[in-house]
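**Q** have a look at this fold, sequence not included:
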Ligand code: NAP
Ligand code: MG
C-alpha cells in the first residue's frame, strides 16, 4: 500500500466524553457494583486504556433482575401499547441525533472503521428502534394471536463484533413486545451500551425497564442462571450457546440463540465477475471479518477460478488497513489480543495443512492488534480453515465443477447461518437457494441487513430468528 496515496482524514473524537470509570445501570441509575471490582476497556487500535468498567457479580445481577421485574409488574405491563411505542420512537430519534457520538465511541472501543460505524452500524441501530416502535401497538395484527403476551423479564447477552447493533437487535423487539430487560454487553465493548443507558434516561424511559450489567463470562452465566429470568436471548459463540442451552434445560426459561457461522459464497461461472469480487471483499473483509454471517468460504466454479483470484488479488491490494478513525480506512483493528491469537493460530494451521497463503503487501501499525487481509487457496473440505469459524479477515477458497457439487460443499458444515450466490440466471439462483441450508441467503450481493428481514440460523448456528415479524415471536408467548 502506498502511504502517499491518501492524506489522513481523521474523524475528530471531541464529540465523545469518556469517563474514567463506569458503574452499572440498574433501575434507571448508575450504581457502584456490589462486587467492588472494575476492569479496563482498551482501544484495540492503540492498546491504550479508555476507561474502567464495573464487573457485576451475582448480587448485582440479582438487583438488576429485581428492578426489571418490578418495572415489568408495576409500570411497563400497565402502559398502553401506543405509549410503549412512543418511548421507542423517542429513543430512535435520540439515537439519530447522537449518531456521530455513538459512531466515534464504537470505533474507539471496538476498533472498527469509522466508515462502517457511521454508515452501517449506527444507522441500522436507529432503524431497528424505529421499526420496532411501529410494531408496539400493532402486535395483534402480527398473525400471532389476538393479544400476544410478553414473557416478562428477559436476560440478554451480546458479543463484541457489533456492540450497539446487537444491543438494538435485542432491546428494541423486547421493549416493543412489552418485556423488560437486563442486558450484558461483551467485556471488551461495553462503552456504547453505557452511553445507551444515558439515552434511556434522556428519553424518560421508566426506571428498571432497561438494566445494563457489565462484566465477563461469569456475569453472563449469573444472568442465565438467575431464577427471575423468563427468557434468555443470546448472541455469541456456539460453544457458549451450548452451555446456555444445557444450563436452562428443565427450567421455564425460553431461549433464542444466535451463534456462529461458516458461510459459503458461491460464484458461478456466469456471474458478473467484477461485481462478485466486490461481494467477496464485502463478504469477508467487512468489520475485519468479525461477522457471524461472513462469506468465509469462497466456492468458485473451477473454470473461472483464475480470473476471480487474479481480480480479487488486485482488489485486495487496494484495501486500506489502518487507523479506524480515518475515513479512508477499510480494515480496522482486531478487537482483542485473544481474537488476534485465534486468527493467527487458525491461519498457521491452514499453512501447516498445506493450503497456500496470500496477503497483499501491507504495513501493520506498530501498536494495537492487526491482521492483514488474507486468502488461502488450495483449501480442501477437511482443513480446519474450511470447517472452523476464524472470525477474522481470512478467506478460504474452494472450487466446484457442477451446481450439485457447490450445494454439497456449501452444506457440508455444522453451521447454517448465511450464504451468497452469484449468477446472472435467476432460475439458477432460486434453485441453489432452495437447496442451501442457511437462514439468510443473499443473491448477487452480500451482508445486507434490514430490520424488517428475519435473521438466524439452522443447525449449530442457533435457535430462532431476530428481526421482522418472525423475530417478534421470540419475545411473545405465542400459542401459550
Ligand atoms: P462468546 O465468547 O460466546 O461471547 C458472547 C457473550 O457471551 C459475551 O457477552 C460473553 O462475555 C458472554 N459469555 C461468555 N461466557 C459466558 C457464559 N458461560 N455464560 C453466559 N455468557 C457468557 O462469543 P464472542 O467470541 O464474544 O463472539 C463471537 C461469536 O459470536 C462468533 O462465534 C460469532 O459467530 C457469534 N455471533 C453470532 C451472531 C448471530 O447473530 N448469529 C452475531 C454476532 C456474533 P465476555 O465478552 O465477557 O466473554
Ligand atoms: Mg474495548
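**A** Now that the structure is in, tell me what you want to look at. These figures come from a predicted structure and were not determined experimentally. Ligands and ions are numbered 1, 2, ... in the order given.

**Q** count the residues that sit near residue 437.
**A** Counted with other Cβ atoms under 10 Å, residues neighbouring residue 437 total 15. Every C-beta, even on glycine, is put in place using the N, C-alpha and C of the backbone.

**Q** next up, phi/psi of it, please.
**A** phi -100, psi 80 (degrees, to the nearest 10).

**Q** and for the one 4 residues further on?
**A** Here the main-chain torsion angles of residue 441 (degrees, to the nearest 10) amount to phi -130, psi 120.

**Q** then residue 147?
**A** Torsion angles, degrees, to the nearest 10, at residue 147: phi -140, psi 70.

**Q** nearest spatial neighbour of it, skipping sequence neighbours?
**A** Closest residue to residue 147 apart from its sequence neighbours, by Cβ to Cβ, 6 or more residues apart in numbering: residue 140 at 6.0 Å.

**Q** roughly how far does the one you found sit from residue 402?
**A** Distance, residue 140 to residue 402, using Cβ to Cβ, to the nearest Å: 49 Å.

**Q** in contact with the most centrally placed residue in the chain, which residues?
**A** Of all residues in the chain, the one closest to the mean position by Cα atoms, centre = their mean is residue 162, 4.2 Å from it. By Cβ atoms under 8 Å, 6 or more residues apart in numbering, the residues touching residue 162 are 121, 287.

**Q** gap between it and residue 239?
**A** Residue 162 is 19 Å from residue 239, where distance means Cβ to Cβ.

**Q** same check, this time on residue 222
**A** 18 Å.

**Q** which residues of the stretch 101-250 of the chain fall in helices?
**A** For the stretch 101-250 of the chain, the helices defined by DSSP state H, counting those that start in this stretch occupy 114-116, 122-135, 163-176, 191-202, 217-225, 238-248.

**Q** and these: which comes nearest ligand 2?
**A** helix 191-202 (7.1 Å; Cβ to the ion).

**Q** not counting that closest one itself, show me its contacts.
**A** 18, 22, 25, 28, 30, 41, 50-51, 53, 91, 94-95, 98, 101-102, 105-106, 108-109, 163-164, 167, 171, 183, 185, 209-210, 212, 214.

**Q** OK, contacts around the nearest residue to residue 159 once chain neighbours are set aside?
**A** Leaving aside its sequence neighbours, residue 159 sits nearest to residue 236 (Cβ to Cβ, 6+ apart; 4.7 Å). By Cβ under 8 Å, 6+ apart, the contact set of residue 236 is 157-159, 258-259.

**Q** mind putting those residues in JSON lines, distance to ligand 2 and neighbour count included?
**A** Compiled in JSON lines, the contacts of residue 236 are given as follows (distance: Cβ to the ion, whole Å; neighbours: other Cβ atoms under 10 Å):
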{"residue": "157", "distance to ligand 2": "17", "neighbour count": "26"}
{"residue": "158", "distance to ligand 2": "14", "neighbour count": "27"}
{"residue": "159", "distance to ligand 2": "13", "neighbour count": "21"}
{"residue": "258", "distance to ligand 2": "21", "neighbour count": "28"}
{"residue": "259", "distance to ligand 2": "22", "neighbour count": "25"}
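
**Q** would you mind finding the most buried of the helices of the stretch 101-250 of the chain?
**A** Neighbour counts (mean count of other Cβ atoms under 10 Å) averaged over each of the helices of the stretch 101-250 of the chain peak at helix 163-176, with a mean of 27.

**Q** which strands or helices does that helix pack on?
**A** helix 81-97, helix 99-110, helix 122-135, strand 153-157, strand 180-184, helix 191-202, strand 231-235, helix 468-472 (3 or more Cβ pairs under 8 Å, 6 or more residues apart in numbering; DSSP states H and E).

**Q** is it possible to get a markdown table of the ones you listed that adds distance to ligand 1?
**A** Formatted as a markdown table, those follow (distance: least, Cβ to the nearest ligand atom, whole Å):
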| stretch | distance to ligand 1 |
| --- | --- |
| helix 81-97 | 20 |
| helix 99-110 | 12 |
| helix 122-135 | 13 |
| strand 153-157 | 5 |
| strand 180-184 | 6 |
| helix 191-202 | 10 |
| strand 231-235 | 5 |
| helix 468-472 | 11 |
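
**Q** I'd like to know which of the ones you listed is closest to residue 452.
**A** Among those, helix 468-472 comes nearest to residue 452, with 5.2 Å by Cβ to Cβ.
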